[in-house]
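Q: I would like to see how this sequence folds:
(one chain, ligands or ions: 1)
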Amino acid sequence: MTLYESIFERRSVRNFRMDPLNEKSMSGISRYKEELIPLFAEIDTKIEIISNLDKQAGIKGMFTVKAPYYLLFYSEEREGYLQNAGYMAQQMVLYLFSRGIGSCYQGMARLTEGEVDRQGRILTLVIAFGEAKGELRRKPADAKRLDLQELCVFKEEPGRSERELLDAARLAPSAMNGQPWRFVVYGNRIHVFMRKSGHFTYRSRKWERVDMGIVLAHLMIAIDDLWIDAVMSRLENITHKTVPNNEYVISVVLGK
Ligand SMILES: Cc1cc2nc3c(=O)[nH]c(=O)nc-3n(C[C@H](O)[C@H](O)[C@H](O)COP(=O)(O)O)c2cc1C
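A: This next block holds a predicted model:
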């Protein structure tokens, strides 16, 4: 199964068998973590995999699930690091699914051992993973997501490729299923925005930025897999005025 196909069937897994994964799976994960594509290559990141088979991993926090392994994503704290973390982590989450391994982001997870590594990178994301006890997949129609009509403003009728990209973006997972992404579609341009919700605390704003990285990963994977001629870039003439209460993130410009 490809990463693109995984977008449509993956669900968060919260019940795991506390059994080891086989060596082939573990070495595949170790190799793949070196292949993740960053959104901002200049941001220093590190991924560590820890075993919790002895239940001593020291992962704590509200809504944190018990799993045989955790993936710890450390990042240098600089502009764009949250989006970058979501972008890279989602590639890994889809890779895990494509290999039959369940996973769940752990937004509230804390590490008893400390949250800064020796190089000063901070613990940015924790992902629980392992063999699912129960359902690993679901049909895309069963995913609880907003409709495209609620997420998009269509200024012009979108073409087939634009639709395919939006379908992949729509299914991205997000913290508390908040789905902060919004899209303004002008023919061959998809402008991506982050919905600002004024009453949210700093903590949840942090997750919205991670969520935006996740949705950009879905767009990138769909562009690659479907061989769509498109580039993602920030256009300087787009401002917050385009969509009130939304922060402009990036545009996907498709070839004509
Ligand atoms: C950044 C982030 C943090 C999350 N934190 C948690 C968490 O702490 N506990 C949990 O059970 N699920 C967590 N989730 C999973 C979401 O609740 C889940 O992705 C969303 O409800 C959509 O469901 P689905 O992934 O099954 O499609 C998190 C997801 C993301 C993207």
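
Q: Spatially central residue for this protein, please.
A: The centroid of the chain falls nearest to Ile214 when counting by CA atoms, centre = their mean (2.6 Å).

Q: Is it correct that Glu208 is in contact with Pro180?
A: Yes: using CB atoms under 8 Å, Glu208 is in contact with Pro180, at 4.4 Å. To be clear about C-beta, it is placed using only N, CA and C from the backbone, and glycine gets the same treatment.

Q: Pull up the overlap in contacts between the two.
A: Ser174, Met194, Arg195, Ser197 (CB atoms under 8 Å, 6 or more residues apart in numbering).

Q: ok so the second one is a helix residue?
A: No: counting by DSSP: H, G, I helix; E, B strand; the rest coil, Met194 is not found in a helix; it is strand.

Q: Bridging across strands, which residues link to it?
A: Trp181, Glu247 (DSSP bridges).

Q: quick one: contacts for it?
A: Pro180, Trp181, Arg182, Glu208, Arg209, Met212, Asn246, Glu247, Val249.

Q: burial of the third one, as a residue count?
A: Arg182 is flanked by 20 other residues according to other CB atoms under 10 Å.

Q: same deal with the fifth one?
A: The burial metric for Arg209, expressed as a neighbour count using other CB under 10 Å, is 19.

Q: Give the helix, strand or coil label for the nearest residue to it once chain neighbours are set aside.
A: Residue nearest to Arg209 in three dimensions, not counting chain neighbours: Leu82, with 3.7 Å by CB to CB, 6 or more residues apart in numbering. The local conformation at Leu82, judged by three-state DSSP, is helix.

Q: In contact with Leu82, which residues are there?
A: Thr124, Lys206, Arg209, Val210, Gly213.
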